[in-house]
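Colleague: What follows is a protein structure lacking sequence information:
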């Protein structure tokens, strides 16, 4: 019944064999090897398959001791040549020695033909490729040692090459930072790189440059780690709410209700088959309807038949539709026959019927789901939602994008204080979760992005949350002379104000509550002073506003008055007013900007770097 | 590091005190009382606060034994009058007797003033209201007994009334189906119902009628139970993938990439402040700019300042913007002063600047996230996504809506068989999860919607999943004479075909794989026979197609050829082709229609009944 019991009862907390195969791809994830306490040393001698991408590499020629090594690894820079021990060379060259090693070391070597014939001339010298391979499952990479008799080094060495290899784990001949390396004896797949056009062929790129090649940026360790923290926080979000007795409710993305009365929205229009066909690029062969389109038409007719059957009202239409489908199928069969005989027939299929916009009223992408959640809270008690919210902003901001993910919640029979308590617990839970579950990635984040990340999370997770009214906050800020814009009661706090409160005064997260009512949406409860509303924001260092919450106005007369004052289109809100007319309950809740939480956790400053496919980039390749 | 360890390490699996308050609303959730093994009998004598909505009710007059009871409960129909024992009457009437009861029963009674004065005339007779109250946390409701001295029965009795009451748990005087009832002694909140317009005032409504009042339908036990199963399955989805080493990745909703080459999409247009103002309803007072709009303008200017600061390039512009904001604030202060003095000034504020569409290229609502997931799988290994997907369909179908939630996954270093195994495991995991975690709600679903629900889930969770090629399926179907449309190789299976396979032949879920390539999207791998593609569908009884999966085409030349053949706009897919150019890996995965899974689990037949706010209804009130 309960999610708390549920999670215990239904999955068995497997303690996997450390080198168990990943269930759905017949390979060992590197984290199961490298994240062991001994770094995998205990697994030396085991035969495994691993897959991943080359992060850096170098090649050692083995026959001419004085030849300069070909350094493919520009990322490692000065790594260069390393001594290769005699045993290492012998192992790869002399069959007899291989047998000896096999007997003494218990390791099997399988000779493999090369995947591709080497270039005809000049014959390349035998060599060994040392590849640092990462599969994204952990920060560390594994050194894979590949003899040139297995695959051409020119294919393997470029950064970004994908390989799937089988081999045996051994201790590196030259002790380094890794406890084990993989001696490959079977190459199962190589995904080569076109070096001339691959973005990582050059050198390490700054994050803002990476934004123009979104489809590759998860291959960097930084973006990989941030995305792992993001995934972990997603699960933490569901875990918190489900374990605390909240129900997940999905709110509509396409909506005709504008929860915030906001003025920048995305309008939705349906485009149909016919309007698609009017695209000149696609309609150029309109008379040469291909087999593919006839089959697509058949598929549509299928669907029409289903609909007619369901409505049951029109037997004749159904019979006609079935006949029509039969004809279309017949046509397709003929067409297929002609195509096979290469007659190149030019045929006309039934025109695909024009469609209508399925929505009568104007519809938009949702700005907030709080009103919808209130409808569910007014029946099921405590609900939350986790999904995308939209704002057609014209401003470029490092904290705001047209599409951002929000966690929203609504609690029945609760008041402002309850929502603030829930916000406090939720925020602390997330901070603690990252510290407990993203150790490897947070260590990397601290090293590469922001030294203070872990301390910031620890402090937020443990210290009591400061709470201050808006009025007190403004009084405090008024005393500060150096502000660019003086704080004034009734006006939104600027980023400078917020940053001063969180970074300088409270030196940590702080809740500001009881805002002037004009700064908050129409549905927020008016306080007894007639001036302020029962709303709060959670502001945090480095980021600013992370959550906005409020208690909803219960009183129908005040709600309708407010809608009128703000000149909002009342007809949009009739259903919402209906909830207040029938069995109304006090609810409170908040909207939590999930993407900004990632900035707080990692110390990154631009939200584009923590969202898998952010919009609003110069070259939008999503 | 690992989600498996994570869930163990970070939340303490609280074993709550059965009558602990719900943390964020100072009330006891009814499930913590009524779902106890003894139905709450062990809690008799405890004082608690509960909140909820009246499902049904009746009133008993206490002074005239022969007076006909006022049956407010039309849902209960024949429930009518019941004897009220003498003790019961005495308790509510005679203070001395109350004290006696208190001494012997250990129960405290607190006399409370009525919330509202009763109507002046005629003076109503004292009575007792028996309310069946539900708070949505479980299927059962609790009987709450309220003396008319506490609150007017006319306020309490209507179905849908919201109450928050304090009282003491006792055994019902007349043994019934419930072990305990609550004797109220303090009414903390009443949310009344306008009976003339409340949809549930009449009688129990069929589900299809409920669709026109979406904001109230979670108040029915049926929709409540379905939504609880839905919430549980949402958590199950994340639990399965996180526990199996997948990372959650959020794919873009607004996208310029059309993953499926589908022809029915939603086009996105940004509407700006200025176009909003052109709405005649809103611009009628354009010259009478209100204080609210000036403050909104100040807020926008704030944001502009932040942007200018960030870009750093233009000190003068920044200084000007700050001055502008100061002026606006000044203006607002003056305006406020005038409003206070009720001068009713008519003022003009700066026109809010017109905005531009932030997107240069045409953008749509995403149809599928598989291509985006592939970009992440080609770096981080195993990824999944859970979110809304869109189809601008013109057909009304009980299985298809413009906006539906999908779970999509992509697995690196994997082939078709791996994705089929994952699909099998995932589907079984969900079936088992529902059986284990939704016992109360599934019992109700079986009783009210579909007797076979639990059996269907049990069978699906335990039986090996049948797998058959498309070619074999067509051969089988060809032998069946009674089909409306004869199965033919190369054509999509009709709903009738699918239903025949799942319901008649395999009598359970079945995977059909290796479809003709023309029936599947361009990115699916072409099999060696040159005719079929490495794709599969999971079809299930009652619902039809629940998942579609495939292995992706790795070979660049075949992909580009296919894009050309299908006349798809290649420039949309350049970034995708890029992944195949640089370190390509075999990936496979699937799209799972989460909403249809709810039909399978509950036996409902229209997807509008399992989605919180479905679109495409006659009266769309979302």
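Modeller: Noted; the coordinates are in hand. Bear in mind the structure is a predicted one, so any value in this text is a computation, not a measurement. Numbering: from 1, shown residues only, chains lettered A, B, ... in the order given.
Colleague: Run through the residues that contact residue A:484.
Modeller: A:494, A:496, B:305, B:322 (CB atoms under 8 Å, 6 or more residues apart in numbering or on different chains). In short, each C-beta sits where N, CA and C put it, glycine included.
Colleague: in the stretch 51-200 of chain A, which spans are strands?
Modeller: Under the criterion DSSP state E, counting those that start in this stretch, the stretch 51-200 of chain A carries strands at the ranges A:127-134, A:142-147, A:162-170, A:181-191.
Colleague: now those strands in CSV, with distance to residue A:596 and mean neighbour count?
Modeller: CSV is the format used below for these (distance: least, CB to CB, whole Å; neighbours: other CB atoms under 10 Å in any protein chain shown):
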stretch, distance to residue A:596, mean neighbour count
strand A:127-134, 28, 24
strand A:142-147, 35, 23
strand A:162-170, 34, 22
strand A:181-191, 36, 20
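Colleague: Could you dump those strands into JSON lines with mean pLDDT and distance to chain B added?
Modeller: Formatted as JSON lines, the strands of the stretch 51-200 of chain A follow (pLDDT from 0 to 100; distance: least, CB to the nearest CB, whole Å):
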{"stretch": "strand A:127-134", "mean pLDDT": "96", "distance to chain B": "9"}
{"stretch": "strand A:142-147", "mean pLDDT": "97", "distance to chain B": "14"}
{"stretch": "strand A:162-170", "mean pLDDT": "97", "distance to chain B": "4"}
{"stretch": "strand A:181-191", "mean pLDDT": "97", "distance to chain B": "4"}
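Colleague: CSV please, covering the ones you listed and showing distance to residue A:237.
Modeller: Below are the strands of the stretch 51-200 of chain A laid out as CSV (distance: least, CB to CB, whole Å):
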stretch, distance to residue A:237
strand A:127-134, 27
strand A:142-147, 32
strand A:162-170, 32
strand A:181-191, 34
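Colleague: Let me know which of these is the nearest to residue A:30.
Modeller: Across the strands of the stretch 51-200 of chain A, residue A:30 has its closest neighbour in strand A:142-147 (5.5 Å, CB to CB).
Colleague: Let me know the angle separating that closest one from strand A:181-191.
Modeller: Interaxial angle, strand A:142-147 versus strand A:181-191 (axes from the mean of the first three to the mean of the last three CA atoms, to 10 degrees): 80 degrees.
Colleague: what does strand A:142-147 contact?
Modeller: Residues contacting strand A:142-147 (CB under 8 Å, 6+ apart): A:30, A:33-34, A:50, A:52, A:92, A:126, A:128-134, A:153, A:156, A:163, A:165, A:167, A:172, A:176, A:178, A:180-184, A:187.
Colleague: Top of the contacts of residue A:484 by number of neighbours, please.
Modeller: Using other CB atoms under 10 Å in any protein chain shown as the neighbour criterion, residue A:494 leads those with 25 neighbours.
Colleague: pretty sure that one is in contact with residue A:486, am I right?
Modeller: No - applying CB atoms under 8 Å, one finds residue A:494 not in contact with residue A:486, separated by 9.8 Å.
Colleague: now, which of the contacts of residue A:484 lie within helices?
Modeller: A:496, B:305, B:322 (DSSP state H).
Colleague: Tell me the one among the residues you listed nearest to residue B:140.
Modeller: Comparing the ones in helices among the contacts of residue A:484 against residue B:140 with CB to CB places residue A:496 closest, at 54.4 Å.
Colleague: Could you pull out the helices in the stretch 101-250 of chain A for me?
Modeller: Secondary structure of the stretch 101-250 of chain A by DSSP state H, counting those that start in this stretch: the helices cover A:153-156, A:207-210, A:221-243.
Colleague: my bad, the stretch 501-622 of chain A
Modeller: All helices of the stretch 501-622 of chain A, identified by DSSP H, counting those that start in this stretch, fall at A:556-565, A:574-581, A:594-602.
Colleague: Comparing the ones you listed, which comes out most buried?
Modeller: Across the helices of the stretch 501-622 of chain A, averaging neighbours per residue (mean count of other CB atoms under 10 Å in any protein chain shown) puts helix A:594-602 on top, at a mean of 25.
Colleague: which helices and strands does that helix pack with?
Modeller: Applying 3 or more CB pairs under 8 Å, 6 or more residues apart in numbering or on different chains; DSSP states H and E, we find helix A:594-602 packed against helix A:221-243, strand A:403-412, helix A:416-437, helix A:439-448, helix A:453-462, strand A:544-551.
Colleague: Report the buried residues of the fourth one.
Modeller: Think helix A:439-448. Using 16 or more other CB atoms under 10 Å in any protein chain shown as the burial criterion, the residues of helix A:439-448 that qualify are A:440, A:441, A:442, A:444, A:445, A:446.
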